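In: Pasting a predicted model and its sequence here:
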Amino acid sequence: MKVEDYNNYREFLPGIRDDSPEEFYRLAQIFSENVFELIQNDNGVSVPYMMDDAIESFIIFENPVVTGNYDKNKRELITGSIEVQPDKCILVVRQQMSGEEDSFFTIRFTGLHMENHLYRYHGIGHFWISGYEYLRQLDYRLWVIRDKYQFFGREACSDEEISLLNLYEFAPLRYYTCIDWEKDAGNECSINGIEAFISIAKKAGDKSFLNILQHYLKKQSKIYEKILIFMLRSYKHSCIVKELQKLIDDASSIYDERSFGEKYDAFIKNCRKEINNIFPKGNKVCECLEEQPFTIYDGEFSYNFHFIFWKRHFLSRNCKIYTIELNGNDIKQLKKQFQKQINEIIYQH
């Protein structure tokens, strides 16, 4: 699996030099994707580089001096150029918006470095596409691991995560993607991906799943792919899904949970306690996943609890999703929102 080549982005930050550190090329990549966002707070001046459930990564400006104003609402097109001097660097940023005059600001700094915060991700869920959502969550978590590896290499991944990388190259599971651009990219399957699932089938003791996998390994036909797509969601082969989920959970559990400050952390802890009293962990009726903001959220606090209620549809294992949506900065109001919505879910079930 290829690690990102940042030299491809140098044209998006004119003034960058051949001997510039990798962080400068990562900054150029941000401009290439038009996702530049300046953060100025008590911790200094930084730009988010990669933000997902598993990692929050920032490019940190060393000894920064900002001249001019950054308009966070002026994001139609943001471009940059850099001047590298012996003792300092000057980044000039241009913000453009249709119908408005362009604006500029500069950052003088002495260097750049990366700051990466790694988080556990196996208890987090996103529900963008309906149907077999529990399989889409597993595919998404493997995608998160793969992305972390591609952007940061071995240093950002544990041994357990490295061992899971090939699982993302298994087309029958990628059929259940919840990521639009991955869905459009098609479902290519690698030999390593199939062999990784053969290992799971052996651990799970699923002989019929293993048999189809071995045929699929010899000939990657669409017929075998469709059979495996169906088998993944069938009750008969749920042991495969459970084994895959356990591997991902174990790889993720070594990392810390996000913290949103003492009052929000205490509130979330109490919500989890009440949910566990109603639907104990390991029950066969419901599983709860959370949707969390980033730790640098700006504005109103937002937090969701997603309840996956299992249901059977002929031979398939499917589910129905109910969500508690919490928004606001007042803990009392958040408690009221939670209590009202959890009572509605209890009433429906």
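Out: The structure has been received and is ready for your questions. Just so we're clear, the structure is a prediction, and the values are computed from it rather than from any experiment. Numbers count the residues shown, from 1 in each chain.

In: buried sites along the helix or strand hosting residue 266?
Out: Assigned by DSSP states H and E, residue 266 falls within helix 262-278. Using 16 or more other Cβ atoms under 10 Å as the burial criterion, the residues of helix 262-278 that qualify are 264, 267, 268, 271, 275. C-beta: built from backbone N, CA, C; applies to glycine.

In: Hmm, residue 109 is touching residue 67, no?
Out: No - using Cβ atoms under 8 Å, residue 109 makes no contact with residue 67, being 11.7 Å away.

In: of these two, who's got more company?
Out: Just comparing residue 109 and residue 67: by other Cβ atoms under 10 Å the higher neighbour count belongs to residue 109, 20 against 11.

In: In space, what's closest to that one - neighbours in sequence excluded?
Out: residue 61 (4.2 Å; Cβ to Cβ, 6 or more residues apart in numbering).

In: That neighbour is in contact with residue 107, isn't it?
Out: Yes - between residue 61 and residue 107 a contact is recorded at 5.8 Å, counting by Cβ under 8 Å.

In: what sits in contact with each of those two?
Out: residue 45 (Cβ atoms under 8 Å, 6 or more residues apart in numbering).

In: higher neighbour count, the two?
Out: Per other Cβ under 10 Å, whichever of residue 61 and residue 107 has more neighbours is residue 61, with 25 against 22.

In: what is the mean pLDDT for the helix or strand harbouring the more buried one?
Out: Under the criterion of DSSP H and E, residue 61 resides in strand 55-62. Strand 55-62 comes out with an average pLDDT of 98.

In: quick one: the helices in the protein?
Out: Counting by DSSP state H, the chain has helices at residues 22-32, 133-152, 159-164, 171-174, 180-184, 191-204, 207-218, 222-232, 238-252, 262-278, 331-348.

In: Give me the buried positions along the longest one.
Out: Along helix 133-152, the positions that meet the burial threshold by neighbour count (16+ other Cβ under 10 Å) are 133-149, 151-152.

In: Tell me how many other residues surround the residue nearest to residue 96 when sequence neighbours are not counted.
Out: On the basis of Cβ to Cβ, 6+ apart, the spatially nearest residue to residue 96 that is not a chain neighbour turns out to be residue 77, at 4.2 Å. The number of residues packed near residue 77 is 13, by other Cβ under 10 Å.

In: With residue 88 instead?
Out: 14.

In: Number of residues surrounding residue 245?
Out: Residue 245 has 17 nearby residues by other Cβ under 10 Å.

In: Quick check: it touching residue 135?
Out: No - between residue 245 and residue 135 no contact is recorded; they are 10.0 Å apart, counting by Cβ under 8 Å.

In: coming back round to it: neighbouring strands for the strand holding residue 61, and are they parallel or not?
Out: strand 44-51 (antiparallel), strand 111-118 (antiparallel) (DSSP bridges).

In: What angle do helix 22-32 and the first one make with each other?
Out: Computed by axes from the mean of the first three to the mean of the last three Cα atoms, to 10 degrees, the angle separating strand 44-51 from helix 22-32 equals 70 degrees.

In: Same check on the last one?
Out: Orientation note: strand 111-118 sits at an angle of 80 degrees relative to helix 22-32 (the same axes, to 10 degrees).

In: let's number from 5 now, not from 1
Out: Got it, first residue is 5 now, which makes that one strand 115-122.

In: Out of the helices of the chain, flag the one nearest residue 58.
Out: Closest approach to residue 58 among these (Cβ to Cβ): helix 137-156, 4.6 Å.

In: so what does the closest one touch, helix or strand wise?
Out: strand 48-55, strand 59-66, helix 163-168, helix 175-178, helix 242-256, strand 320-331 (3 or more Cβ pairs under 8 Å, 6 or more residues apart in numbering; DSSP states H and E).

In: Which of the ones you listed sits closest to residue 99?
Out: Nearest to residue 99 among the helices and strands packed on helix 137-156 is strand 48-55 (13.8 Å), distances taken as Cβ to Cβ.

In: I'd like the mean pLDDT over that closest one, please.
Out: 96.

In: got a pLDDT number for the residue located most distally from the centre of the chain?
Out: In the chain, the greatest distance from the average C-alpha position (Cα atoms, centre = their mean) is reached by residue 90, at 38.3 Å. We have a pLDDT of 89 for residue 90.

In: what's the answer for residue 71, then?
Out: For residue 71, pLDDT reads 97.

In: show me what contacts it?
Out: Per Cβ under 8 Å, 6+ apart, neighbours of residue 71: 109, 110, 111, 112.

In: Just grab the bridge partners of the closest residue to residue 69 other than its chain neighbours for me.
Out: Using Cβ to Cβ, 6+ apart and skipping the chain neighbours, the partner closest in space to residue 69 is residue 112 (4.4 Å). Beta bridges link residue 112 to residue 69, residue 94, judged by DSSP bridges.

In: what bridges to the residue nearest to residue 113?
Out: Beta-bridge partners, per DSSP bridges, of residue 65: residue 116.
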